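the sequence isn't on hand, but the structure is:
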């Protein structure tokens, strides 16, 4: 996994190598096993383990009897020795998670994004909620490794700035990373939302999960996080994954559309607009009232599920738009799997996941013939916030050698 | 670079490590420098070097005086000790190249693809041309490492089969790899054409070239080879890079279009069709006569360059279609560079490279704001054939460890 940060790692390189191996072994490992798997000398493993135990990251957890001779002491990660916070700033909902060192969610919080007066007021809300989350979980701040923030693109990863996301009105060049870091006294990583979602899916995945997928993310906007050959694609400027500008074939587009782009045809805002135009929804939410739009979308989905023909037509058409966008992605990138997620997805999923899968599979425009696996995110609706926190864990715990020498 | 092959490597792992280092140093390296850079023991370097010299891959080329003490003998790659052949089977033109071990083109050959009666007759032509190329270059077959073949997708990389490329009529499940291997007695690698093109661009690139680009390939069809973080993207089934199904926004599309897809709007065949419909070209080539279509495209370009308003309008519109497709790619993948190439590109490039660059740069739909570098392929029109041969060189010369132990 590429890293989006220069957060300091825990300990030196050998210590990280040992920690990384221990955290990937749920039942723990003995020092002998660690030496065998890393190629490190027994004395090096012993020193690194001692420092990890002193720091509280690793505990001795029982003994292993493997034959004649001295039983081996099992080393395990202490998942409650350190924590990371993840925040997902979506234009409609802000999600907060607190993860332990193994990536388990210890606490979470979700709230409608305040109608923006100034970005600063939103940043104050975020900081206050982070403080409340830490307090309610009853953990000491010294155990916090840092905060990861997932935000809509475009972002400036070098300066830690939100540039000008189309769905966050009035957010222009907001120095989010430094603001939150100064307000909380913790290191902060800023990452684009769909990239964070792909990170979460990879990081929390068991070994059985494919390391090659497109994460189709649908929230206030549409994005496509990509994991290719086991690495999350961040792109040249850290802004990969903009899926909303994919163009949809013109046959079947609604008449009063704003454009041919997926982000102007299949997102909650525009589906609600289409429903209002068609008389399916009685009241039009105000253009920038994202909470009202979100409620309208829930109502549209409920109508479709209750059998309303007009609502069904709009949702069916949206499923077709999404499938069309996926055809372009599958042809271009030859991914083996599509993972769906994001705040609006579960409302689509109940009736339209299988429909989208069939449309994609049967499309005459699809160029390869292999079966594409389709599934919901294994992380759930908090996925982008979880991914942001995973970036903090990853930065702290993954070995980052300057050079890897090849031993003779 | 990921490998699409199980071709045997030259020598064992240490030998490959030493060879790899020597070939990357144009002026050569001493054994001491090799030991320093690899971390291998002096005796191991000495043994590996001796075997490489015995095999003729490396030569002693002068001495280096670095201070007091014994001068160091410089080891250099002998570029003429081994060769690789690359073949690019495009539906319109078949290109053949013979590369030396450093990737220089020693010989090449280009011929119109025979109008297909049976795929077998084309395979016979390819085999005969490969034999003639070897003979005319006057090299012994023992020095040939193998043949790389770049072909239109979809391909089955496991079985080495061309499945059913839309532009090669009558080619269905053709076992290209095994046929050519049996006919020539040489190992054969089969790779998709646009992936080969990206390989060539990466492999022959100097250090100054970005390892992150989309290779926009335009020949009989349109493809997009991708290099992301220094690796060529092959995809789950080796079929990444299908760019012809990208959809173009509908405003400005010609009226009698077949579809909204880039491959049905901006390829030579469809531009010639548009020119015939508009009366710009007087005679319509037969639908499957790709040579006549290619000639028609040359005529259309010549008319545009001579100032014919109808021809200019068609070519300008095509430039717009290409820029629109690139907007989707740049937004989705955040690549920093677009490289253009393929058999039809040079005819576009003279007048429309800069136009496409401007349209891409100024598009209101572009989501990131960084400058995107735009350039022609540094390899030229033989790029896919060169890439296929590079895959053979890479398979033979790059170290492929089963496991990399971390030394203490």
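Okay, I see it. Since the structure is predicted, the reported quantities are computational estimates derived from the model, not experimental observations. Numbers count the residues shown, from 1 in each chain, chains lettered A, B, ... in the order given.

helices along the stretch 151-300 of chain A, start to end?
Along the stretch 151-300 of chain A, counting by DSSP state H, counting those that start in this stretch, helices occupy A:176-184, A:193-203, A:268-277, A:290-305.

so which elements touch the shortest one?
The contact analysis (3 or more Cβ pairs under 8 Å, 6 or more residues apart in numbering or on different chains; DSSP states H and E) places helix A:176-184 against helix A:119-137, strand A:144-151, strand A:161-162, strand A:188-192. For every residue, glycine as well, the C-beta is placed using N, CA and C.

look up the closest residue to the closest residue to chain B within the stretch 251-400 of chain A, ignoring the ones flanking it.
Nearest residue of the stretch 251-400 of chain A to chain B: residue A:334, at 2.5 Å (Cβ to the nearest Cβ). When the adjacent residues along the chain are set aside, residue A:334 lies closest to residue B:235, with 2.5 Å between them (Cβ to Cβ, 6 or more residues apart in numbering or on different chains).

number of residues surrounding that neighbour?
Residue B:235: 26 surrounding residues under other Cβ atoms under 10 Å in any protein chain shown.

for it, which residues are in contact?
Applying Cβ atoms under 8 Å, 6 or more residues apart in numbering or on different chains, we find residue B:235 in contact with A:333-335, B:241.

buried sites along the helix or strand hosting residue A:330?
Here residue A:330 sits within helix A:309-333, counting by DSSP states H and E. For helix A:309-333, a neighbour-count test (16 or more other Cβ atoms under 10 Å in any protein chain shown) marks A:310-315, A:317-333 as buried.

tell me the contacts of the nearest residue to residue A:112 once chain neighbours are set aside?
Leaving aside its sequence neighbours, residue A:112 sits nearest to residue A:291 (Cβ to Cβ, 6+ apart; 5.1 Å). By Cβ under 8 Å, 6+ apart, residue A:291 lies in contact with A:92, A:112-113, A:115.

would you mind pulling up the elements that the strand or helix carrying residue A:50 packs against?
Element membership of residue A:50 [criterion: DSSP H and E] is helix A:42-54. Helices and strands touching helix A:42-54, by 3+ Cβ pairs under 8 Å, 6+ apart, are helix A:13-23, helix A:31-38, strand A:58-64, strand A:72-77.

looking at these, which is closest to residue A:211?
Of all these, helix A:13-23 sits nearest to residue A:211, with 17.0 Å by Cβ to Cβ.

what is the orientation angle of that closest one with strand A:72-77?
Orientation check (axes from the mean of the first three to the mean of the last three Cα atoms, to 10 degrees): helix A:13-23 against strand A:72-77 gives 90 degrees.

name the residues that touch helix A:13-23?
Helix A:13-23 is contacted from outside by A:9-11, A:28-29, A:34, A:37-38, A:40, A:44-45, A:47-49, A:51-52, A:57-58, A:75-77, A:101-102, A:397-401, B:406, B:408, using Cβ under 8 Å, 6+ apart.

roughly how far apart are the residue of chain A most remote from its centre and residue A:35?
Distance from the C-alpha centroid of chain A, by Cα atoms, centre = their mean, peaks at residue A:68 (47.3 Å). As judged by Cβ to Cβ, to the nearest Å, residue A:68 and residue A:35 stand 19 Å apart.

out of the helices and strands packed on helix A:42-54, flag the one nearest residue B:259.
helix A:13-23 (49.6 Å).

buried residues in the closest one?
By neighbour count on 16+ other Cβ under 10 Å, the buried set for helix A:13-23 is A:14-19, A:21-23.

which one of those is nearest chain B?
residue A:17 (6.2 Å).

residue A:255 - how many residues pack around it?
6.

next one: residue A:283
8.

so who does it touch?
When contacts are counted by Cβ under 8 Å, 6+ apart, residue A:283 is found next to A:276, A:296.

give me the pLDDT value at it.
The per-residue pLDDT reported for residue A:283 equals 91.

right, and residue A:217 touches residue A:194 too?
Yes. Residue A:217 is within contact range of residue A:194, at 4.6 Å (criterion: Cβ atoms under 8 Å).

if we can go back for a sec, give me the subset of the contacts of residue A:291 that lies in strands.
residue A:112 (DSSP state E).
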